[in-house]
Each structure stands twice: as C-alpha cells, then as structure tokens.
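With the sequence up front, the predicted model follows.
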Amino acid sequence: MVTRALDVVLLGPPGAGKGTQAKRLAEAFGVLHVSTGDLLRDEVARSSGLGLEAKAFMNRGELVPDEVVGRMLLKRLHSQQASLGCVYDGYPRTAQQAHLLDGLLAELNRRIDVAVFIDVPDEELVGRMTGRRSCPSCNAVYHLTAHPPKGGEKCDACGTSLVQREDDHEGVIRERLRVYKEATAPLLDFYRARGILREVNGIGTPGAVHGLLRDGMRSVKK
Ligand code: AMP
C-alpha cells in the first residue's frame with residue numbers, strides 16, 4: 001500500500017506552543033518536525049555562513065530574509081527523512097514563504113493538507129516567553145514555573161545547562177509579536193480561503209492542546 005505524505009503547517013504567535021505541539025504531532029504521525037527557528041539556532045551555534053547572516057535579525061526579533069530561510073528549508077525538504085511528510089513549525093511566516101512552500105511541495109507532488117492555528121492571547125504570551133528556558137543540545141523546552149526542570153537549570157533529558165534564548169527578553173518579545181501580527185497573521189486568511197484552516201485554543205496543558213489538535217485534524221482529507 002502506498003501512503004501519501006502528510007504535510008501540516010502550525011500557525012500561531014511566538015510563545016503559542018508551536019514547538020512543543022509540532023514535536024508531539026510529528027512523533028504521532030511518524031513525519032519530520034521542521035522548525036526553522038531550531039534550524040537557524042543550530043546554524044548560529046555552529047557560526048556557519050548562514051548562521052552569521054541570520055543572527056543579527058534573530059536577536060532583534062526581526063524575520064530572517066525569506067531567501068536565507070528558503071535555502072535552509074529546501075535542503076530539509078529534499079532530505080530522506082522528509083519523504084513521509086512534515087510538521088512545519090515557524091514556517092511559513094510571510095506570504096512569499098507560503099508561496100515558496102506550495103511550490104516546493106508541488107514539485108514533490110505534495111501539498112499542505114492542513115494548517116492549524118494555535119490561538120493564545122497576547123497577555124499570556126509574554127509571561128510564557130520570559131520564563132522559557134531551553135536546552136542548547138537537544139532543544140528540549142522548559143518553563144521556570146509551568147514546567148520547571150527537575151535538577152536546577154539543567155536539562156532533564158541530557159543534563160546540559162539550560163539557556164534563555166536571546167530573543168526571549170521582553171523588548172525583543174514585543175517586537176516579535178508586532179512582526180507576527182504584521183507579516184504572519186494574514187496567512188490565516190490564506191489557508192482559510194483554501195478550506196484547510198483549523199483553529200484550536202492554545203490555553204491548557206500540552207496534553208490537552210495536543211488532544212484538541214488531533215480532534216481538529218480528524219476531518220483532514222488525504
Ligand atoms: P522561532 O523559534 O520560530 O520563534 O524563531 C526564532 C527566530 O528565528 C524568529 O524571531 C526569526 O528571527 C527567525 N525565524 C524563524 N523562522 C523564520 C522564518 N520562517 N522566516 C524568517 N525568520 C524566521
């Protein structure tokens with residue numbers, strides 16, 4: 001039996017929980033989790049050419065140019081692990097990126113099957129992001145009060161010292177929210193017009209939100 005690939009876009013403001021949910025969904029469906037934020041942070045950590053290009057934009061809370069992120073996405077999409085499909089987390093963020101993704105998938109005889117919007121109000125987002133700590137080694141994410149690591153500020157999974165993302169400081173967070181509203185929120189209408197947008201309430205435990213996401217995706221036609 002030949003199964004068609006499954007491609008899912010997760011939309012939502014920074015801090016909505018896209019990373020956590022994307023990881024769980026990708027595991028549940030056996031597809032690849034593609035986080036452009038994680039891929040960019042890896043490039044920055046390795047001081048690659050692409051990382052050096054991206055770093056200043058990221059630290060200011062601005063978007064990295066479409067062309068730079070597009071190059072990185074292309075490489076990922078053409079990898080063997082992406083052949084069964086992907087959950088896209090943090091991509092697309094602009095109309096141009098949405099069109100690029102459509103084009104890349106069309107070349108592979110695929111299309112976005114569903115886009116899910118994780119809805120969280122602004123006042124909740126700032127608290128979530130300022131308390132966020134992440135593992136630079138395995139990308140596990142914690143929150144100082146909502147999901148604290150067990151042993152001080154060390155990763156439960158691999159023991160690495162946790163870090164606060166440079167762009168999780170309040171001034172940068174406000175800029176990221178502004179950029180989200182201006183450039184990314186309009187994509188909701190783009191996928192809504194296609195009839196593939198689902199919306200879930202992102203307030204709740206990660207498990208509860210995961211349940212809502214799975215329910216919302218039940219009607220997806222493959
Ligand atoms: P994230 O981890 O998704 O919140 O992304 C962190 C930062 O990486 C963003 O604030 C942007 O500077 C950059 N970034 C991630 N994904 C993209 C994208 N699709 N387009 C442009 N910049 C991105």
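Cool, the structure landed.

Could you use CA atoms for every contact and neighbour count after this?
Noted.

Who's the closest spatial neighbour of the residue sitting nearest the centre point of the chain, skipping the chain neighbours?
With distances taken as C-alpha atoms, centre = their mean, residue 89 lies nearest the centre of the chain, 2.2 Å away. Once flanking residues are discounted, residue 89 sits nearest to residue 35: 4.7 Å by C-alpha to C-alpha, 6 or more residues apart in numbering.

Count residues in the vicinity of the one you found, would you?
A count of nearby residues for residue 35, using other C-alpha atoms under 10 Å, gives 20.

these two touch, right, it and residue 92?
No - look at residue 35 against residue 92 with C-alpha atoms under 8 Å: they stay out of range, at 10.3 Å.

buried stuff in stretch 101-121?
Across stretch 101-121, burial judged by 16 or more other C-alpha atoms under 10 Å covers 101, 104-105, 110-120.

In strands only, show me the residues you listed.
114, 115, 116, 117, 118, 119 (DSSP state E).

Reformat those as TSV; add pLDDT.
Formatted as TSV, these follow (pLDDT from 0 to 100):
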residue	pLDDT
114	96
115	97
116	97
117	97
118	97
119	97
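
Show me which of these is closest to residue 156.
Closest to residue 156 out of those is residue 118 (26.4 Å), distances taken as C-alpha to C-alpha.

Okay, the closest one and residue 216: tell me how far apart.
11 Å (C-alpha to C-alpha, to the nearest Å).

overlap in contacts of the two?
199, 200 (C-alpha atoms under 8 Å, 6 or more residues apart in numbering).

in the protein, what spans have low per-residue confidence?
Low-confidence segments of the chain (pLDDT under 70): 1-3, 221-222.

give me that answer again for 50
Within the chain, no range satisfies pLDDT under 50.

ranges for the helices of it?
Ranges of helices in the chain, per DSSP state H, are 18-29, 36-45, 49-60, 66-77, 95-107, 122-130, 170-179, 187-193, 206-216.

Including distance to the ligand, could the ones you listed go into CSV?
Shown next, in CSV, are those (distance: least, C-alpha to the nearest ligand atom, whole Å):
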stretch, distance to the ligand
helix 18-29, 8
helix 36-45, 4
helix 49-60, 4
helix 66-77, 6
helix 95-107, 7
helix 122-130, 10
helix 170-179, 6
helix 187-193, 12
helix 206-216, 17
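
Can you lay out the ones you listed as JSON lines showing distance to residue 153?
Formatted as JSON lines, those follow (distance: least, C-alpha to C-alpha, whole Å):
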{"stretch": "helix 18-29", "distance to residue 153": "19"}
{"stretch": "helix 36-45", "distance to residue 153": "20"}
{"stretch": "helix 49-60", "distance to residue 153": "22"}
{"stretch": "helix 66-77", "distance to residue 153": "31"}
{"stretch": "helix 95-107", "distance to residue 153": "36"}
{"stretch": "helix 122-130", "distance to residue 153": "15"}
{"stretch": "helix 170-179", "distance to residue 153": "20"}
{"stretch": "helix 187-193", "distance to residue 153": "36"}
{"stretch": "helix 206-216", "distance to residue 153": "21"}
